[in-house]
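S.K.: Build me a model from this:
(one chain, ligands or ions: 3)
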Amino acid sequence: MKITKLAKGISLKRPLEGGNEEQLKVVRQVLTDVRTQGDVALRAYTERWDGYMPTSLRVTKEEIQEAVNALDQQLYQDLVEAAQNIRLYHEQQSRQGYRLELGDGSWLGQRVTALDAVGLYVPGGTAAYPSSVLMNVIPAQVAGVKRIVIASPAGLDGKMPAGVLVAAQLLGIEEIYKIGGAQAIAALAYGTETIAPVDKITGPGNIFVALAKREVFGEVAIDMIAGPSEIAVLADDTAFPDEIAADLLSQAEHDRLACAVLVTTSEKLAKKVAEEVEKQLEILPRQEVARASIENFGVIYIAETVSDAVEAINSLAPEHLEIMTNNAEAIAEQIRHAGGIFIGRYSSEPVGDYFAGTNHVLPTNSTARFASGLNVDDFVKKSSVVYYSEKTWQEHAPKIARLARMEGLEGHARAVESRGWKKE
Ligand SMILES: NC(=O)c1ccc[n+]([C@@H]2O[C@H](COP(=O)([O-])OP(=O)(O)OC[C@H]3O[C@@H](n4cnc5c(N)ncnc54)[C@H](O)[C@@H]3O)[C@@H](O)[C@H]2O)c1
Ligand SMILES: N[C@H](CO)Cc1c[nH]c[nH+]1
Ligand SMILES: [Zn+2]
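M.R.: Ligands and ions are numbered 1, 2, ... in the order given. I've put the predicted structure just below:
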């Protein structure tokens, strides 16, 4: 891993920042083809990129049952416990409307309504992600969404990983399609003969998924850009190099475009982490992917002070931040931009990926400056409500009419005054 002195205002070299014109061209073609040719294009792209020609795009009840029978009982229990933790965490997220009484029976309100139909993308190209089923579905259910659809690519044999189907089954989700990548996003956004379109698409995925979501935004809503994974670790000399290296590699193994960064005040730690990364890479099963990520995007920055390190992290706005320093909780208070924050030695990032209950669908590519991780709010919308009594209207109508005339909108003024004219 490269080691370098921290310069002010560092920024991540990210795959979505230009340099992806080719991928964008592919994605746009896929979107157009699925929009105009529906299932035919969906099947053709599935065959091209996922290596199977689906007989049925939708997963059958028999396939779900087969997966339930095949999954190890202990794993099933682990999924159940993780799901409970995720539900508990997300149930704390407010979905309450409110009503503001104005007197005379008048009131203003905010009504919170769940979305009707959402499409949840569960990645599956190079690894299986049952955990992403839980992370997408549970906040949608807590919000009260009626139609929840899952799209995820199957393996070369045309079968979905058992863990994905079991996670869906234990949450009661039955509308599951064996499609992935940009073609899945297109199908969810525009609809095909088999798949009815949804109102919003959420969930993580690789660069093709992330770009496709960005392209269909406007036609449907999206949650955020949750692309190739990222981890930043902020550490001082109290941290353990082997643990930091393991955590960096945990995200590097996701994708060749994943990004792992260490910012540290200790030169000694920096060198040891670099050595450890090399050592651990040698024995990592997904070594090829992780090595590409580390070579392209892995950097160790040496900061002069902890506050320089904090400033650097805030400018990076990473998807995940681990803090392994003295007074880690106090340092966490100073972090303004990070998708998820993991404090202390025992909050290794995978704790959040799988189990703690926080959501692992998080903004990447520095979008944590303005975006939040997936949460219940992503699955609701808010309508404002006005109820004016006659008395309140009489009191305020002249003000409203004056404001309308200031804008040259006589029709507005007359609308609000028309009630008075009717009465006379
Ligand atoms: N940010 C987050 O919250 C978060 C969470 C979990 C996973 N992730 C990320 O999800 C991603 C999972 O990636 P994955 O690839 O394993 O699965 P994926 O399901 O995201 O992508 C697989 C799909 O990509 C398409 N594809 C692959 N090569 C293509 C090509 N050359 N041209 C066009 N389309 C192509 C195929 O259609 C395939 O179905 C990783 O980048 C991981 O870091 C992010
Ligand atoms: N770290 C990923 C988010 O970037 C989420 C995940 C799922 N499974 C393992 N990891
Ligand atoms: Zn992960």
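
S.K.: Please name the residues that touch A401.
M.R.: By C-beta atoms under 8 Å, 6 or more residues apart in numbering, the contact set of A401 is H412, A413, V416, E417. Every C-beta, even on glycine, is put in place using the N, C-alpha and C of the backbone.

S.K.: Could I get those residues in CSV, plus columns for pLDDT, neighbour count and secondary structure?
M.R.: Conversion of these to CSV gives the following (pLDDT from 0 to 100; neighbours: other C-beta atoms under 10 Å; DSSP: H, G, I helix; E, B strand; the rest coil):
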residue, pLDDT, neighbour count, secondary structure
H412, 98, 15, helix
A413, 97, 20, helix
V416, 96, 18, helix
E417, 94, 15, helix
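
S.K.: Spell out which parts of this structure neighbour ligand 1.
M.R.: Counting by C-beta under 6 Å from any ligand atom, the positions of the chain adjacent to ligand 1 are 26, 49-50, 123-127, 132, 153, 180-182, 204-206, 208-209, 226-229, 254-255, 258, 319, 360-362, 364.

S.K.: so which of the residues you listed also contact ligand 2?
M.R.: Answer for the residues of the chain next to ligand 1 near ligand 2 (C-beta under 6 Å from any ligand atom): S132, S229, E319, H360.

S.K.: Let me know whether the third one touches F342 as I believe.
M.R.: No: taking contacts as C-beta atoms under 8 Å, E319 lies outside contact range of F342: 11.3 Å.

S.K.: Would you mind telling me which of the two has more residues around it?
M.R.: E319 (30 against 25; other C-beta atoms under 10 Å).

S.K.: tally of neighbours for the residue lying closest to S94 once chain neighbours are set aside?
M.R.: Counting by C-beta to C-beta, 6 or more residues apart in numbering, V376 is the residue found nearest to S94 once chain neighbours are left out, at 7.8 Å. Using other C-beta under 10 Å, V376 has 22 other residues around it.

S.K.: if I look at V376, how far off is I225?
M.R.: Separation of V376 from I225 (C-beta to C-beta, to the nearest Å) stands at 20 Å.

S.K.: quick one: contacts for G339?
M.R.: P318, E319, H320, L362, P363, T364, A368, A371, S372, G373.

S.K.: rewinding a little: what is the nearest of the contacts of A401 to ligand 2?
M.R.: Nearest to ligand 2 out of the contacts of A401 is H412 (C-beta to the nearest ligand atom; 48.4 Å).

S.K.: Name the residues of this protein found near ligand 2, please.
M.R.: So the chain meets ligand 2 at Y129, S131, S132, S229, Q251, E319, D353, H360 (C-beta under 6 Å from any ligand atom).

S.K.: if you skip the residues just before and after it, what's nearest to the fifth one?
M.R.: Here the nearest residue to Q251 in space, its sequence neighbours aside, is I231; by C-beta to C-beta, 6+ apart that works out to 4.0 Å.

S.K.: which residues are in contact with the host helix or strand of that neighbour?
M.R.: Following DSSP states H and E, one finds I231 within strand 230-235. Contacts to strand 230-235, defined as C-beta under 8 Å, 6+ apart, come from residues 12, 239, 244, 247-248, 250-252, 258-264, 266, 269, 309-310, 313, 316, 318-325, 331, 338, 349, 364-365.

S.K.: could you redo the last one with a cut-off of 6 Å?
M.R.: 244, 251, 259-264, 309, 313, 316, 318-324, 349, 364 (C-beta atoms under 6 Å, 6 or more residues apart in numbering).

S.K.: so how many other residues sit close to V351?
M.R.: Residues near V351, counting by other C-beta under 10 Å: 13.

S.K.: picking up where we left off before, neighbour-wise, which of the residues of the chain next to ligand 2 leads?
M.R.: Busiest of the residues of the chain next to ligand 2 [other C-beta under 10 Å] is E319, holding 30 neighbours.

S.K.: Hmm, that residue is touching N365, no?
M.R.: No: applying C-beta atoms under 6 Å as the test, E319 and N365 come out as separate, 8.3 Å apart.

S.K.: Quick check: neighbours shared by the two?
M.R.: Taking C-beta under 6 Å, 6+ apart as the criterion, E319 and N365 do not both touch any residue.

S.K.: ok, back up a step: adding pLDDT, write the residues of the chain next to ligand 2 out as a markdown table.
M.R.: Shown next, in a markdown table, are those (pLDDT from 0 to 100):
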| residue | pLDDT |
| --- | --- |
| Y129 | 96 |
| S131 | 98 |
| S132 | 98 |
| S229 | 95 |
| Q251 | 98 |
| E319 | 97 |
| D353 | 98 |
| H360 | 98 |
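
S.K.: how about these in CSV, adding secondary structure?
M.R.: Shown next, in CSV, are these (DSSP: H, G, I helix; E, B strand; the rest coil):
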residue, secondary structure
Y129, coil
S131, helix
S132, helix
S229, coil
Q251, helix
E319, coil
D353, helix
H360, coil
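
S.K.: Going by distance to I294, which of those residues wins?
M.R.: Q251 (10.2 Å; C-beta to C-beta).

S.K.: Roughly how far does that closest one sit from R336?
M.R.: Q251 is 21 Å from R336, by C-beta to C-beta.

S.K.: can you check A330 too?
M.R.: Applying C-beta to C-beta, the value for A330 to R336 is 15 Å.

S.K.: Name the SS class of the residue most central in space within the chain, please.
M.R.: Nearest to the mean C-alpha position of the chain, counting by C-alpha atoms, centre = their mean, stands V361 at 3.4 Å. Here V361 is coil, with the state taken from three-state DSSP.

S.K.: does it really touch V133, like I thought?
M.R.: No: at 11.1 Å, V361 does not count as touching V133 under the criterion of C-beta under 6 Å.

S.K.: Break down the stretch 1-150 of the chain into its strands, ranges please.
M.R.: Taking DSSP state E, counting those that start in this stretch to define them, one finds strands in the stretch 1-150 of the chain at 2-5, 98-103, 106-114, 117-121, 147-151.

S.K.: Understood, closing this out.
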